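Student: dropping a prediction and its sequence here:
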Amino acid sequence: MKKRLFGRTGWQVGEIGFGAWAIGGSWGNVSEQDAEAALHAALDSGVNFLDTADVYGGGRSERLIARVLQQRGKGDVIVATKAGRGLNPHVAEAYTAAALARFVEGSLERLQTETLDLVQLHCPPTEVYYRPDVFEALGRLVEAGKLKYFGVSVEKVEEAVKALEYPIASVQIIYNIFRQRPAELFFRLARERQVAVIARVPLASGLLTGKLRADSQFAADDHRAFNRHGEAFDVGETFSGVPFEVGLRAVDDLRAAVGTVPMAQFALRWILMYEAVSVVIPGARNPEQAVSNAQAADLPALTADQKNAVKAIYDRLIRPFVHQRW
Ligand SMILES: NC(=O)c1ccc[n+]([C@@H]2O[C@H](COP(=O)([O-])OP(=O)(O)OC[C@H]3O[C@@H](n4cnc5c(N)ncnc54)[C@H](OP(=O)(O)O)[C@@H]3O)[C@@H](O)[C@H]2O)c1
């Protein structure tokens, strides 16, 4: 697996990481056996960056990661977790130093470690980016040895740009064939500041695998059933905010450009063409998906024709739904 420097941290991370939301919850049933096997398969394939959160499956995702890393040793594996979504109501005023310290203690316990590698604010309300005290509180947790670095996971490009004013190590943002705006300005600024970029939802929740159809069924506890219109959280997290039928049409148009490789690998390789991206974190619910996704790092770069086809499909079908929203 090719590696990239993760911002100012000095960490060398495999280009393809592992998104551990699906093995926690909100994606229908994923057995413990499949979840553990998916993690092992990713790590065996050279993945060394795992993205999780305290709230994924109510802590299940973090506990599974701890168990697997205990079985094989942590080595150079980086575990990035998140904090903040446990606040109820989830409002800016609730982001206090005490609340953050409490969330961090919870993650330390579940991940069975004395120091967390990276803690990301978990898509906080926009006002939090105008609260220096929140970032100062994270800085004090670093000084106390509870975490090595902190970063943010954002919904909007503007939040990402604003967050660069604080001493963050990383920004996590939705970036994929259906969400291209981060490359316009934000990537340049992040590179200038040596802030790592984590590209999330790289497969548009599975749409960009090419396997979904108009009659695809999702379990009731899969966000692709219950959050299609943003009923539970930001609609941009489900299919990248692209209406399902529109996404399917775009995927059909994409097939000719993709050729014979799996579309998921093509979609991941497209993201890796951007040097500002430090790591891409596809989710996987079983070992087969994890291995296939890791292999995307070995694909040759896309041709000019393929890149142009992707841009044309985005401009024609997708852009009107997403470009100015996030
Ligand atoms: N607010 C935040 O900070 C936030 C929000 C969202 C995500 N994230 C992070 O980003 C990660 C990735 O995003 P995501 O999981 O939402 O979406 P994603 O990576 O775009 O899609 C993942 C889903 O696509 C399907 N899939 C993956 N690889 C496949 C393959 N090779 N072949 C066929 N199907 C495949 C799987 O679902 P099926 O098999 O069921 O189709 C899998 O659960 C998350 O795990 C999480 O770590 C963070």
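Tutor: Here it is on my side, so go on.
Student: ok, the residue most central in space within the chain - contacts?
Tutor: Nearest to the centroid of the C-alpha atoms of the chain, with distances taken as CA atoms, centre = their mean, sits residue 200, at 2.8 Å. If you count contacts by CB atoms under 8 Å, 6 or more residues apart in numbering, residue 200 has them with 19, 51, 153, 172-175, 281. Using the backbone N, CA and C atoms, a C-beta is placed for each residue, glycine as well.
Student: among the residues you listed, which lie within strands?
Tutor: Mapping these onto strands (DSSP state E) picks out 19, 51, 153, 172-174.
Student: closest one of those to the ligand?
Tutor: Nearest to the ligand among the ones in strands among the contacts of residue 200, counting by CB to the nearest ligand atom, is residue 19 at 2.4 Å.
Student: any idea how far that closest one lies from residue 126?
Tutor: Separation of residue 19 from residue 126 (CB to CB, to the nearest Å) stands at 24 Å.
Student: what's near enough to touch residue 185?
Tutor: Going by CB under 8 Å, 6+ apart, the list of residues near residue 185 reads 157, 161.
Student: give me every residue in the stretch 101-250 of the chain lying close to the ligand.
Tutor: Applying CB under 6 Å from any ligand atom, we find that the stretch 101-250 of the chain lies next to the ligand at 122-123, 153, 172, 200-206, 209, 211, 237.
Student: among these, name the buried ones.
Tutor: 122-123, 153, 172, 200-206, 209, 237 (16 or more other CB atoms under 10 Å).
Student: element containing residue 141, please.
Tutor: Under the criterion of DSSP states H and E, residue 141 resides in helix 132-143.
Student: neighbouring contacts of that helix?
Tutor: Contacts of helix 132-143 (CB under 8 Å, 6+ apart): 95-97, 100-101, 104, 119, 121, 124, 128, 147-150, 166-168.
Student: one more pass at 7 Å, please.
Tutor: Contact with helix 132-143 is made by 95, 97, 100-101, 104, 119, 128, 147-148, 150, 166-167, as judged by CB atoms under 7 Å, 6 or more residues apart in numbering.
Student: now, those residues that are in helices?
Tutor: 97, 100-101, 104 (DSSP state H).
Student: hang on, the earlier thing: restricted to strands, list the buried ones among the residues of the stretch 101-250 of the chain next to the ligand.
Tutor: Those of these mapping onto strands are 122, 153, 172, 200, per DSSP E.
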